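Asker: sequence first, predicted model second:
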Amino acid sequence: MPSPSHDASPATADILAAALGRVPSGLFIVSWRAGDQDRPMLASWVMQAGFAPPLISVAVAASRELLAALRDGQPFAVSVLAESQRNLLARFGKPPANGDDPFAGLAIERTPAGLAVLHEAAAWLECRPVGEATAAGADHVVVVGRIEAAGGQTDQPPVVHIRRNGLKY
């Protein structure tokens, strides 16, 4: 089925973009290891996906390095950004240059699998990918991860994110 934004009049597409932007999400740093390097990605499409076993889903653009790692079965961690960590958005908004330590100068912890998580995050979850789904022609893949460990500063309020335009980052 074609995207409504591509078939709609400009006025209707603007309404769709504004309405979709009103769907709240959190802001998260998803981290994994590539060899001996920590790799991060700023994400907003993360949500709980099951109770037993405890699952989360993460929507990942098909072009992202993270997707290849998850398809290889690599574990990943999700740091739930606390409201006090909004200043990290610009830092993690684009991939770091090769060889750069994306967590340099930040207080981090290591999960049981050795993944970097932010020490002052509202929470963190260590996961193993267990499945994925995508719609024909979609620009993102939804990866489901089983939660294997958790921690963080759970008394801190998480960031709640609202977009002006739900059809772009």
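Answerer: Thanks, I have the structure now. Numbers count the residues shown, from 1 in each chain.
Asker: any chance you could map the strands in the protein?
Answerer: According to DSSP state E, the chain carries its strands in the segments 28-34, 37-43, 46-50, 55-61, 76-80, 108-110, 116-118, 123-133, 140-151.
Asker: now those strands in TSV, with mean neighbour count, distance to Pro10 and mean pLDDT?
Answerer: Every C-beta, even on glycine, is put in place using the N, C-alpha and C of the backbone. Putting the strands of the chain into TSV (neighbours: other CB atoms under 10 Å; distance: least, CB to CB, whole Å; pLDDT from 0 to 100) gives the following:
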stretch	mean neighbour count	distance to Pro10	mean pLDDT
strand 28-34	23	32	97
strand 37-43	20	29	95
strand 46-50	15	31	98
strand 55-61	20	25	97
strand 76-80	27	36	98
strand 108-110	15	45	97
strand 116-118	25	40	98
strand 123-133	19	31	98
strand 140-151	18	24	98
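Asker: turn those strands into TSV, including distance to Arg163.
Answerer: Shown next, in TSV, are the strands of the chain (distance: least, CB to CB, whole Å):
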stretch	distance to Arg163
strand 28-34	15
strand 37-43	13
strand 46-50	15
strand 55-61	14
strand 76-80	18
strand 108-110	28
strand 116-118	23
strand 123-133	22
strand 140-151	15
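Asker: identify whichever of these lies nearest to Arg22.
Answerer: Using CB to CB as the measure, strand 46-50 is the one of those that comes nearest Arg22, at 16.1 Å.
Asker: per-residue pLDDT of Thr111, please?
Answerer: Thr111 carries a pLDDT score of 98 in this model.
Asker: do Leu88 as well
Answerer: If you check Leu88, the pLDDT there is 95.
Asker: so what's it up against?
Answerer: By CB atoms under 8 Å, 6 or more residues apart in numbering, Leu88 lies in contact with 29, 81, 106, 118.
Asker: need the max-distance pair from those.
Answerer: Pairwise distances among the contacts of Leu88 were taken by CB to CB; the largest, 12.0 Å, belongs to Leu81 and Leu106.
Asker: tell me which of these two has more neighbours.
Answerer: The neighbour count for Leu81 versus Leu106, taken as other CB atoms under 10 Å, is higher for Leu81 (28 against 15).
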